[in-house]
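**Student:** I would like to see how this sequence folds:
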Amino acid sequence: MTKRVIVGLGWYTEAQWPEYLRLMEDDVDKVHAVWLQKALDLERDLKKKGIEVVRVPVDLIDFDLWCKTHQRKRDGASRAVYVQENLRER
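**Tutor:** Next up, the predicted model:
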């Protein structure tokens, strides 16, 4: 039996991008279209490897509160943990 692998991919809208840029503490793509292309490429590559990808919409207000509650920076490592936690809740 093959084990099913599922990965959550944080998903952001273009409308969220100004707030995303304001919040994040690490080096992120400055333009939504650049981020989107990278996200779509990653999604395609993972699917080619047989990994199921679930787009997880990120609520930036909730993410900010989560980071404060868990005393975490608003960075890539925190985004990954937050997305995986929200994936499990689906």
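**Student:** And the helix or strand where Leu65 lies, what's buried?
**Tutor:** Counting by DSSP states H and E, the secondary-structure element that holds Leu65 is helix 60-69. Applying a neighbour-count criterion of 16 or more other C-beta atoms under 10 Å, the buried positions in helix 60-69 are Leu60, Phe63, Trp66, Cys67. Every residue, glycine included, has its C-beta placed from N, CA and C.
**Student:** again, but for stretch 50-62
**Tutor:** Within stretch 50-62, the residues that qualify as buried by neighbour count (16+ other C-beta under 10 Å) are Val53, Val56, Val58, Leu60.
**Student:** Please name the residues that touch Gln84.
**Tutor:** Gln84 makes contacts with Gly8, as judged by C-beta atoms under 8 Å, 6 or more residues apart in numbering.
**Student:** and the helix holding Leu65, what's its mean pLDDT?
**Tutor:** Taken as a whole, helix 60-69 has a mean pLDDT of 98.
**Student:** gap between that helix and the chain center?
**Tutor:** 13 Å (C-alpha atoms, centre = their mean, to the nearest Å).
**Student:** elements contacting that helix?
**Tutor:** If you count contacts as 3 or more C-beta pairs under 8 Å, 6 or more residues apart in numbering; DSSP states H and E, helix 60-69 packs onto helix 17-23, helix 76-88.
**Student:** Leu9 reaches Val53, doesn't it?
**Tutor:** Yes: with contacts defined as C-beta atoms under 8 Å, Leu9 counts as touching Val53 at a distance of 5.4 Å.
**Student:** Now the common contact residues for the two.
**Tutor:** Where contact means C-beta under 8 Å, 6+ apart, the residues bridging Leu9 and Val53 through contact with each are Glu43.
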